[in-house]
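S.K.: Can you look at this prediction? I've put the sequence above it.
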Amino acid sequence: MSQPVWKVLYSTDCERVFIDETGVYSAEMEIAEKVFDAEVGERFIVHRISLARYGVLPQTDMFEEGAAQLVPIGYDPVTYPHPARDYAPWFGKDLPDIAATCGTTVEELIEGLTSAEPGKLASAYRAISGHFGADNFDSYPLDMSEHALGRRWDMQDGRFVVPGPWCAECGERIVPVDEVSGFLHEDPETDEDHTPILDT
């Protein structure tokens, strides 16, 4: 399978939404949350979320609580071996609670989750991650300095300027020193060599 070619669709101070120009992969978004660490100061936790799109079954097939039953795009009860509920997203039955928490409606969430527009998908996933926490979508987020986040989101014409691998700690592009030493480079903020946290 081909590798994705990510292009930024839009960005704000705290999130980026990407589309794959090859058309193979679902859109994705990154959400950056500022946190404070007593030892190192301000940090950014960056979660990456795949914006999976869903279909919805007719009103006659509903979850409890009146939440619509979401299924994968292209779901067919004849060719899929299990009942529709087995393919529903884990958050599907909680749409009423998510809507209440985020000040929206179940209908608006369903519209977003079934939309072909990445921006609407991102809005729905932002509400869901805000309700449950983004760790439910990405349990291994990046822990980054402000400088590293700035470098990660440094783009030109919607594309990343600095290709990976690069350091998730300081944001600089890195290359192997040799097969024995592995990755080692100078931190631009401290002028000290350090073994970086890789992020490709």
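M.R.: That came through fine.
S.K.: Need the pLDDT of residue 106.
M.R.: With respect to pLDDT, residue 106 scores 90.
S.K.: Walk me through the domains of this protein.
M.R.: The chain breaks down into these domains under automatic domain parsing: 54-114, 162-200.
S.K.: mean pLDDT for these: which is lowest?
M.R.: Mean pLDDT, when computed for each of the domains of the chain, is lowest for domain 162-200, at a mean of 53.
S.K.: If we ignore the residues flanking it in sequence, what's nearest residue 3?
M.R.: residue 22 (7.9 Å; Cβ to Cβ, 6 or more residues apart in numbering). Where you see a C-beta, it was placed from the backbone N, CA and C, and this is true even at glycine.
S.K.: Could you pull up the residues touching the residue nearest the centre of the chain?
M.R.: Nearest to the mean C-alpha position of the chain, by Cα atoms, centre = their mean, lies residue 49 at 1.9 Å. The contact partners of residue 49, by Cβ atoms under 8 Å, 6 or more residues apart in numbering, come to 28-31, 125, 129, 134, 137-138.
S.K.: Make CSV from these and add pLDDT to it.
M.R.: Below are these laid out as CSV (pLDDT from 0 to 100):
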residue, pLDDT
28, 95
29, 95
30, 94
31, 94
125, 96
129, 95
134, 95
137, 95
138, 94
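S.K.: what's the residue nearest to residue 49 when sequence neighbours are not counted sitting at in phi/psi?
M.R.: Once flanking residues are discounted, residue 49 sits nearest to residue 137: 4.4 Å by Cβ to Cβ, 6+ apart. Main-chain torsions, residue 137, degrees, to the nearest 10: phi -110, psi -30.
S.K.: ok, residue 137 - contacts?
M.R.: Residue 137 neighbours (Cβ under 8 Å, 6+ apart): 47, 49-50, 125, 129.
S.K.: do residue 70 as well
M.R.: Counted by Cβ under 8 Å, 6+ apart, residue 70 has contacts 54-57, 88-89, 92, 110, 113-114.
S.K.: and which of those residues is nearest to residue 79?
M.R.: Ranked by distance to residue 79 (Cβ to Cβ), the contacts of residue 70 are led by residue 55 at 13.9 Å.
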